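>>> Give me a 3D structure for the following:
(one chain, ligands or ions: 2)
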Amino acid sequence: MFAARYVPGKKELSLVEVPKPTPGPLDVILKIRAAGICHSDLHVLHGEVPYKESFTMGHEACGEVVEKGSEVFGTFNPGDLYAVHGPNPCGHCNYCRTGHDNLCNDPSRTFIGLGQDGAYAEYLKVPARNIVKVPKGISPEVAAVATDAVLTPYHAIKTKGGVGLGSKVLAIGLGGLGMNGVQIALALGAEVTAVDLKDANLETAKSFGVQKVLNSKQISSLTPLSFDVVVDFVGLESTFKDAQNFVKPGGTILLIGLGSAQVPLTTATAITFETKVQASFWGTHVEMQELYELIAEGKIKPQVETAPMKEVNHWLHELEAGRVKSRMALIP
Ligand SMILES: [Zn+2]
Ligand SMILES: [Zn+2]
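Residues are numbered from 1 along each chain as shown. Ligands and ions are numbered 1, 2, ... in the order given. Prediction:
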């Protein structure tokens with residue numbers, strides 16, 4: 001089968017033929033219907049995450065179950081879509097058993113498509129416990145990108161940020177995650193202000209119902225210390241400083257973006273105002289089920305474009321150059 005594989009030291013994925021995977025007793029084989037591409041892929045290709053072995057990339061997967069292991073029960077109908085919980089938790093550690101499976105740190109846990117074979121291929125082997133049924137009416141490409149580009153902001157904003165009815169939220173950055181993030185905050189009943197450098201993104205956010213949008217260059221016109229929650233989808237020094245300027249005393253900064261290796265915290269201000277800085281990582285299996293319901297109800301409309309999977313290197317370059325408008329899913 002076709003696979004696009006990371007090779008240590010190479011800046012592009014190698015497009016190769018590899019054997020189709022066979023399931024272990026507790027695995028299923030998904031015929032991939034769509035695989036989302038993500039900035040994390042670029043971090044790997046730039047050598048920022050030092051993987052020593054080759055693997056098939058792609059951690060945002062959706063497909064149909066075409067084969068199952070001898071100990072997997074349940075029926076999988078042709079045409080039914082399943083999405084993959086990318087953190088691939090072990091299922092038996094205390095994090096997993098208490099619903100915090102995004103934090104699973106068991107040695108058996110491996111991230112799908114990040115260090116272990118992922119979804120830029122025709123077929124993917126994955127533990128049956130780590131797939132989530134996708135409700136009817138959701139396309140494979142939307143289901144695929146939702147596994148990260150919706151799940152990550154959902155976990156951050158709802159679970160870690162406690163955003164709810166009437167929360168005043170400032171969203172900094174309207175890329176793939178930010179554009180879904182503002183819709184999630186609105187669905188939870190928040191009053192949302194969004195800033196971005198691109199006016200086209202601001203218009204899109206407005207069309208989703210974001211109450212106030214403004215260009216990042218005008219951010220100083222906002223009232224200081226006025227937001228319950230500031231979501232930094234960018235994670236640069238400058239955006240993290242903005243977050244500190246605009247979060248209320250006792251409020252929360254959600255740090256999601258990996259734009260900079262380090263961000264500065266102004267200790268005197270943070271201590272005086274008891275600012276909560278909450279980092280957030282991906283999301284849980286249960287949250288994946290919740291967000292597919294929200295997508296099925298039309299409360300979140302993930303923006304996604306599609307392209308043939310064999311063009312993966314081209315689209316990784318486009319993503320790097322900032323020319324991917326929303327989120328891109330590859331179709332085998
Ligand atoms: Zn990702
Ligand atoms: Zn675990």
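>>> Where does pLDDT dip in this structure?
For the chain, no stretch has pLDDT under 70.
>>> and if we set it to 90?
39, 47-50, 74, 108, 175-176, 257-261, 322-326 (pLDDT under 90).
>>> and it, which of its residues are near ligand 2?
For the chain, the residues in contact with ligand 2 (Cβ under 5 Å from the ion) are 89-90, 93, 96, 104, 106. In this view, the C-beta of every residue, glycine as well, is placed from N, C-alpha and C.
>>> change it to 6 Å
89-90, 93, 95-96, 104, 106, 109 (Cβ under 6 Å from the ion).
>>> show me the contacts for the nearest residue to Lys160 once chain neighbours are set aside.
Closest residue in space to Lys160, ignoring its immediate chain neighbours: Ser280 at 4.5 Å, by Cβ to Cβ, 6 or more residues apart in numbering. For Ser280, the contacting residues are 152, 155-156, 160-161, 254-256, by Cβ atoms under 8 Å, 6 or more residues apart in numbering.
>>> re earlier: from the residues of the chain next to ligand 2, which land in helices?
Using DSSP state H, the members of those that fall in helices are 95-96.
>>> I'd like the residues of the chain next to ligand 2 written out as TSV, with neighbour count and distance to Lys20 added.
Compiled in TSV, the residues of the chain next to ligand 2 are given as follows (neighbours: other Cβ atoms under 10 Å; distance: Cβ to Cβ, whole Å):
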residue	neighbour count	distance to Lys20
Pro89	26	25
Cys90	19	25
Cys93	18	31
Tyr95	18	32
Cys96	22	29
Cys104	20	28
Asp106	14	28
Arg109	19	24
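>>> Ligand 2 versus the residue of the stretch 101-250 of the chain found nearest ligand 1, what's the distance?
Minimum separation of the stretch 101-250 of the chain from ligand 1 (Cβ to the ion) falls at Asp148, amounting to 3.8 Å. Look at Asp148 and ligand 2: by Cβ to the ion, to the nearest Å, they are 19 Å apart.
>>> What of Lys10?
Using Cβ to the ion, one gets 32 Å for the distance from Lys10 to ligand 2.
>>> repeat for Val263
Per Cβ to the ion, Val263 is found 29 Å from ligand 2.
>>> Just the element for that residue, please.
Assigned by DSSP states H and E, Val263 belongs to neither a helix nor a strand.
>>> Which residue, neighbours along the chain excluded, lies closest to it?
Closest residue to Val263 apart from its sequence neighbours, by Cβ to Cβ, 6+ apart: Phe240 at 3.8 Å.
>>> Report the contact partners of that neighbour.
Contacts of Phe240 (Cβ under 8 Å, 6+ apart): 232, 253, 255, 260, 263-265.
>>> now do Leu170
192-195, 222, 227, 229-231, 243, 246-247.
>>> backbone phi and psi for Arg5, please?
phi -110, psi 140 (degrees, to the nearest 10).
>>> Touching, it and Glu53? I think so.
No. Contact criterion Cβ atoms under 8 Å: Arg5 and Glu53 do not qualify, at 10.2 Å.
>>> With neighbour numbers in mind, choose between these two.
Arg5 (18 against 9; other Cβ atoms under 10 Å).
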